[in-house]
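A.B. asks: Here is a sequence with its predicted model. Questions after.
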Amino acid sequence: MKSMKKLSLLPYIFLIALFATPFSVFAQAPSLQNIELLVESALRILNVVTILFFVLAIVVFAWGIILFINAAGDPGALRKAKGYIIWGIIGIAVLASIFGLIQLLQTSFSIGGQGTLEIPDIEQEGPTGTPLGP
């Protein structure tokens, strides 16, 4: 019984160590730049996690549509399919608002990647440096 109690504390100890690691790394030279780097990395991670959950919500919604099509009049299967569809829509709405909040925070605090997509320029010159086309 005691070994089970020790094992149940292990995830909490791991989480505390995981969250304390960035602070111990930045403990030597506290500066505003370190805090900015921490915030930027946290926002990047939150952005990736939001996108992954967004994809998952779309998959749940699509799975609900597939179940709805395959239900063929079965009331129990229709109820289950409608549940997937509703939870998929709720997930998409919540995650879209979280994504918007992340973008708002990034633009408000001028933190990297402000959600703008830069289109690369295409050089319109030939190999000798002469312009191509008219």
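C.D. replies: Cool, got the structure.

A.B. asks: buried set for the longest helix along the chain?
C.D. replies: Scanning the chain for the helix with the most residues, using DSSP state H, yields helix 32-71. Going by neighbour count (16 or more other Cβ atoms under 10 Å), the buried part of helix 32-71 is Leu43, Asn47, Thr50, Phe53, Phe54, Ala57, Val60, Phe61, Gly64, Leu67, Phe68, Ala71. For glycine as for every other residue, the C-beta is placed from the backbone atoms N, C-alpha and C.

A.B. asks: Return the member of these nearest to Thr107.
C.D. replies: Leu43 (11.4 Å; Cβ to Cβ).

A.B. asks: doesn't Leu105 make contact with the closest one?
C.D. replies: Yes. At 7.1 Å, Leu43 counts as touching Leu105 under the criterion of Cβ atoms under 8 Å.

A.B. asks: Can you tell me the element the residue lying closest to Trp63 once chain neighbours are set aside falls in?
C.D. replies: Ranked by Cβ to Cβ, 6 or more residues apart in numbering and with sequence neighbours excluded, the top spatial neighbour of Trp63 is Tyr84, at 5.6 Å. According to DSSP states H and E, Tyr84 maps onto helix 75-108.

A.B. asks: Output the contacting helices and strands for that helix.
C.D. replies: Counting contacts by 3 or more Cβ pairs under 8 Å, 6 or more residues apart in numbering; DSSP states H and E, helix 75-108 is packed against helix 32-71.

A.B. asks: Tell me which other helices or strands the helix it packs on touches.
C.D. replies: Right, helix 32-71 is packed against helix 75-108 by 3+ Cβ pairs under 8 Å, 6+ apart.

A.B. asks: If anything else comes up later, I'll come back, but that's it for now.
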